[in-house]
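1. model this:
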Amino acid sequence: MFGGPWELVIVALIALLLFGKRLPEVARSVGKGLSEFKKGINDVQDEVNDATYS
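-> Okay, the predicted model is just below:
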């Protein structure tokens, strides 16, 4: 995804400049979104497994 560590550093600096004080809030929102997405994926997998093995 990234060509090297410097690209990752540059992306982190840009994020810091753009979000600044809101960075913890943005990170928390992203974490919650990913958590809900994973939960949704697991629910769908459970439904498919239940339908397949029932």
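
2. may I ask you to name the longest helix in the protein?
-> The longest helix of the chain (DSSP state H) is helix 23-53.

3. what helices or strands is that one leaning on?
-> helix 5-19 (3 or more C-beta pairs under 8 Å, 6 or more residues apart in numbering; DSSP states H and E). (Glycine included, C-beta is placed from N, CA and C.)

4. and the average pLDDT for the helix it packs on is what?
-> For helix 5-19, mean pLDDT rounds to 89.

5. what's the angle from that helix to helix 23-53?
-> 110 degrees (axes from the mean of the first three to the mean of the last three C-alpha atoms, to 10 degrees).

6. quick one: list the elements packing against helix 5-19.
-> helix 23-53.

7. distance from the helix it packs on to the middle of the chain?
-> 10 Å (C-alpha atoms, centre = their mean, to the nearest Å).

8. average model confidence for that helix?
-> 94.

9. name the residues of the longest helix of the chain that come out as buried.
-> Counting neighbours by 16 or more other C-beta atoms under 10 Å, one finds that helix 23-53 has no buried residues.

10. so who does residue 30 touch?
-> Counting by C-beta atoms under 8 Å, 6 or more residues apart in numbering, residue 30 makes contact with nothing.

11. change the start of the numbering to 49 and stick with it
-> Got it, first residue is 49 now, which makes that one residue 78.

12. okay, it and residue 71: tell me how far apart.
-> 10 Å (C-beta to C-beta, to the nearest Å).
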